[in-house]
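# Model the following, please.
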Amino acid sequence: MSHSSGIPASPELIQIFGQAQQDNTRYIKVVIKDDQLVVEAKSDISGDFESDLDSVPSVLDKASPCYILYKRDDKSIELTGYNWIFMFYVPDIAKVREKMTYASTRANLKRELGASHFVDEIYSSKTDDFNKKGYQQHKRHQESEAPLTWDEMQRNDEREGGLFVGGGGNGMHVHGISFPVEDKALSAINDFVGKRVNYVELALDIQEEKVIFGSSSNIDINDVSSKISTTEPRFHFFRYSHNHEGDSLDSIIYVFSCPDGSNGTKSAPVRKRMLYSSSKANVEQLLTKQEVKIDLKLEINSPSEISADSIINELHPPKVEEKKAFSKPARPGQRKLIK
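Residues are numbered from 1 along each chain as shown. Sure, this is the predicted structure:
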């Protein structure tokens, strides 16, 4: 399933796209700025639509993703406007968080502008794939492929709306992000595995794109909620040493906390929440790859969602008392059968 970032198209973009159905606009360059989809550049028609493609690479930034909304010369029978090509440029050297944000926003942009306007799509990490020669190669490739069924097209659209971080024929779809881990964070995990501490908090350095150390200590189960931030996402590991039904247990608990604005929290920015969410599985592997079994995984928004009682009930659900079957009394004069 694809995940939309929720980043909206600005009113200006919607207006300019609408006007472009009637005016001399050839293409519109769209970028994400201040959590909005905005127009960064616009170009007018100077020749036929294939010839004008040769000007597209000049507006592409070698390090930053963008979308190009490219108007063809033909109109759809069903629509009053022109047919458009949706171009998604994702350079290999762009930061991972940018690739993810643009990938998860693509479907939302098409939906807000009207997906039916777009009759073709091109994805690539290379600028030359968007010029006339690149487009012609794209069309030849399409014609050589076997036609897809409706279900196949839907699955492809879902994948492309997910975490697409590559481009062209070598593109790839990832379901998680594996950032490098700083030494201090690794040292804290080793202390946790070695039972020198029973609590470790990890975070992400968004700018440097790495997993970093937050804090570590020895705490009581009643203190776990006090470690949950109401403003910042975090990863938490807690070892709950306790006795249950005569057994001495060390239960490992992994908590991903991500404030979303509910329950008295302040919502973290969309891109930060998405990046944390996509990293949680790989952070979990810092323990599991050391053959440490995680007994309980929790995803919460606020400190109010976790307590000693909730942890204990998740680890050891109360036993439901088995209801005895109702025995229908025998009719007068009828003997009971004894088994």
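# Other residues contacting the host helix or strand of F213?
Counting by DSSP states H and E, the element that carries F213 is strand 210-217. The contact list for strand 210-217 (Cβ atoms under 8 Å, 6 or more residues apart in numbering) reads 179-182, 184-185, 187-188, 191-192, 197, 199-205, 227, 234, 279, 283, 286. The C-beta positions use only the backbone N, C-alpha and C, and glycine is treated the same way.
# And for F86, the neighbour number?
20 (other Cβ atoms under 10 Å).
# Enumerate every residue touching it.
67, 69-70, 106, 110, 118, 120-122.
# Domains in the chain, by residue range?
Residue ranges for the domains of the chain, per automatic domain parsing: 11-170, 183-315.
# quick one on the thing from earlier: out of the contacts of strand 210-217, which end up buried?
For those, a burial check counting by 16 or more other Cβ atoms under 10 Å picks out 179, 181-182, 185, 188, 192, 197, 199-204, 227, 234, 279, 283, 286.
# Alpha carbons of stretch 234-250, as CSV, please.
Coordinates of each C-alpha in stretch 234-250 appear next as CSV, following Å, rounded to 0.1, in the frame of the first residue of the first chain:
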residue,chain,number,x,y,z
ARG,A,234,12.0,8.7,19.0
PHE,A,235,12.9,5.0,19.2
HIS,A,236,13.0,3.4,22.7
PHE,A,237,14.3,0.0,23.9
PHE,A,238,13.4,-1.1,27.5
ARG,A,239,14.2,-4.3,29.3
TYR,A,240,11.5,-5.2,31.8
SER,A,241,13.0,-7.6,34.4
HIS,A,242,10.2,-9.2,36.4
ASN,A,243,8.7,-12.4,37.7
HIS,A,244,5.6,-14.0,36.2
GLU,A,245,3.9,-17.2,37.4
GLY,A,246,7.1,-18.3,39.0
ASP,A,247,9.4,-17.5,36.1
SER,A,248,12.1,-14.8,36.1
LEU,A,249,11.8,-12.9,32.8
ASP,A,250,13.7,-10.2,30.9
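# Which positions in the strand holding F213 come out as buried?
Going by neighbour count (16+ other Cβ under 10 Å), the buried part of strand 210-217 is 211, 213-214, 216.
# This structure: strands as residue ranges?
For the chain, the strands defined by DSSP state E cover 25-33, 36-44, 66-75, 82-89, 118-124, 199-205, 210-217, 234-244, 247-257, 296-300.
# so which of these comes closest to S310?
Comparing the strands of the chain by their distance to S310 (Cβ to Cβ), the top pick is strand 296-300, with 8.5 Å.
# What strands flank the closest one, and is each parallel or antiparallel?
Strand 296-300 sits in its sheet next to strand 247-257 (parallel), going by DSSP bridges.
# which outside residues touch the strand it pairs with?
Strand 247-257 has contacts (Cβ under 8 Å, 6+ apart) with 195, 224, 228-229, 233-243, 276-277, 280, 284, 287, 292-302, 306, 311, 315.
# Repeat that for stretch 16-23.
Residues outside stretch 16-23 that contact it (Cβ under 8 Å, 6+ apart) are 25, 28, 39, 42, 69, 71, 80-82, 113.
# Give me the residue ranges of the stretch 201-339 of the chain where confidence is low.
Low-confidence segments of the stretch 201-339 of the chain (pLDDT under 70): 320-339.
# Recalculate using a threshold of 50.
Applying pLDDT under 50 to the stretch 201-339 of the chain flags residues 335-339.
# Could you pull out the helices in the stretch 51-200 of the chain for me?
96-113, 132-144, 150-160, 183-193 (DSSP state H, counting those that start in this stretch).
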